[in-house]
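Q: need the 3D shape of this:
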Amino acid sequence: MALVVQKYGGSSVADADGVKRVAQRIVATKKAGNDVVVVVSAMGDTTDDLIDMAEQVSPLPPARELDMLLTAGERISMALLAMAIANLGHEARSFTGSQAGVITDGTHGKAKIIDVTPGRIRTALDEGSICIVAGFQGVSQGTKDITTLGRGGSDTTAVALAAALDADVCEIYSDVDGVFTADPRIVPAARKIPRISYEEMLEMAASGAKILHLRCVEYARRYNLPIHVRSSFSQKEGTWVVDSSEIEGTDMEQAIISGVAHDRSEAKITVVGVPDKVGEAAAIFTALSEAEINIDMIVQNVSAASTGRTDISFTLPATDGQTALTALNKMKERIGFESLRYDDRIGKVSLIGAGMRSHPGVTAKFFAAIADAGVNIEMISTSEIRISVVVAQDDIDTAVAAAHRAFDLDADQVEAVVYGGTGR
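A: So this is what the prediction gives:
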């Protein structure tokens, strides 16, 4: 008997018919002789609707109360799913994040999981029940307040529970059939990747591929837990995210590039005329760190000999743009820079693949493909298995399609079907 943890996204349980369809799939997994724990997201756009409602009531809702409100979305879907399973003749018990033993730090809105103590889940499984757990939420270790884990938190809940329960597999269900070589909405000829390593999936998630959340992949890698990404709308085999040692060497040699990811959610700030002195860059990024802003790519120009000044550009989440500008303006006199430039009409396009370590021509081919498509590159960043470029937002689709084509990633026939519409 295997222990299977399944996670269903909002598009899979968007309405009553979706809840019933998911219930049938869960019961089929149980009938096959498995113990089943299910983590469920809020139905459809419920979370966004609750946020809108909160903003109508208060322009700046208290973080604690906002978390209390938002966790209601998952509690609705978990209870409805348990009812649908009971209707099919099987006992299901629903649990909130805190009841399931998901213990977090005290940061409201983006709490981190500290520990999982799934005693009640184990007891319910031993008694033959199917366990339904509300994703995206936990309980603060210090204050005992309800917390939320931020966007993609249900993925993280599922993997954390699977690790704590020593599950055989964590199945992440969405509205696409797996992880593809590019977003099927931009590249209809994108191919499904049968198996991908944790490190490649981490780079894809960090580069904007929304099929799996970054923290969820980090958690799975830490506990060497296999993730199976698949669609709740079909019975097809999806994509397995596993340790690189489990992917045969021959496959790794053939697949130089795993995929092309893109991210439209970033903005670029340029600090113009920074005095080229020791410690100035440290002062800039310390101010941003204290404002709790994550920086992605950084470029510093060569200092102009005549002025002894330089420009520093960096990218960050566009939602943090105003906070960053405020923090930097407070330091303008102390640092002595001339001005700030802000651009939120940019996007990041990334080429990912473990095979590029041993293929020196990849960078040249990538840049040539983007140049041939008439796209200008504003910034460049690399890791061992990733090359990222910043381009104008209007050029993202063109750059993704050009890179995908250049590395022969197009499938012979269309494989990608987006069943729900959100890709989650």
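Q: mind listing the strands for the stretch 201-350 of the chain?
A: Secondary structure of the stretch 201-350 of the chain (DSSP state E, counting those that start in this stretch): strands located at 227-231, 239-242, 259-263, 266-275, 298-300, 309-317, 339-343, 346-352.
Q: can I get those strands in JSON lines including mean neighbour count, mean pLDDT and distance to Gly142?
A: For glycine as for every other residue, the C-beta is placed from the backbone atoms N, C-alpha and C. As requested, those are exported to JSON lines (neighbours: other C-beta atoms under 10 Å; pLDDT from 0 to 100; distance: least, C-beta to C-beta, whole Å):
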{"stretch": "strand 227-231", "mean neighbour count": "23", "mean pLDDT": "94", "distance to Gly142": "30"}
{"stretch": "strand 239-242", "mean neighbour count": "23", "mean pLDDT": "95", "distance to Gly142": "33"}
{"stretch": "strand 259-263", "mean neighbour count": "26", "mean pLDDT": "96", "distance to Gly142": "34"}
{"stretch": "strand 266-275", "mean neighbour count": "20", "mean pLDDT": "95", "distance to Gly142": "33"}
{"stretch": "strand 298-300", "mean neighbour count": "15", "mean pLDDT": "92", "distance to Gly142": "34"}
{"stretch": "strand 309-317", "mean neighbour count": "20", "mean pLDDT": "95", "distance to Gly142": "27"}
{"stretch": "strand 339-343", "mean neighbour count": "13", "mean pLDDT": "96", "distance to Gly142": "37"}
{"stretch": "strand 346-352", "mean neighbour count": "25", "mean pLDDT": "97", "distance to Gly142": "36"}
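Q: output the ones you listed in a markdown table; the columns should cover distance to Pro59.
A: Formatted as a markdown table, the strands of the stretch 201-350 of the chain follow (distance: least, C-beta to C-beta, whole Å):
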| stretch | distance to Pro59 |
| --- | --- |
| strand 227-231 | 38 |
| strand 239-242 | 40 |
| strand 259-263 | 28 |
| strand 266-275 | 22 |
| strand 298-300 | 33 |
| strand 309-317 | 21 |
| strand 339-343 | 23 |
| strand 346-352 | 28 |
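Q: what pLDDT is listed against the nearest residue to Ile293 once chain neighbours are set aside?
A: Nearest-residue entry for Ile293: Asp320, 4.7 Å, with adjacent residues in sequence omitted and distances by C-beta to C-beta, 6 or more residues apart in numbering. With respect to pLDDT, Asp320 scores 95.
Q: in contact with Asp320, which residues?
A: For Asp320, the contact set (C-beta atoms under 8 Å, 6 or more residues apart in numbering) comprises 291, 293-294.
Q: read off the pLDDT value for the residue lying farthest from the centre of the chain.
A: The C-alpha centroid of the chain is most remote from Ser306, which lies 44.9 Å away (C-alpha atoms, centre = their mean). Per-residue pLDDT puts Ser306 at 79.
Q: tell me the phi and psi of it?
A: The phi/psi pair for Ser306 (degrees, to the nearest 10) reads phi -70, psi -30.
Q: can you tell me which residues contact it?
A: Residues near Ser306 by C-beta under 8 Å, 6+ apart: none.
Q: circling back: among the strands of the stretch 201-350 of the chain, which is nearest Ile132?
A: strand 227-231 (18.9 Å; C-beta to C-beta).
Q: for the closest one, which outside residues touch it?
A: Around strand 227-231, the neighbours that count as contacts under C-beta under 8 Å, 6+ apart are 159, 169-179, 211-212, 216-217, 220, 236-242, 417, 419.
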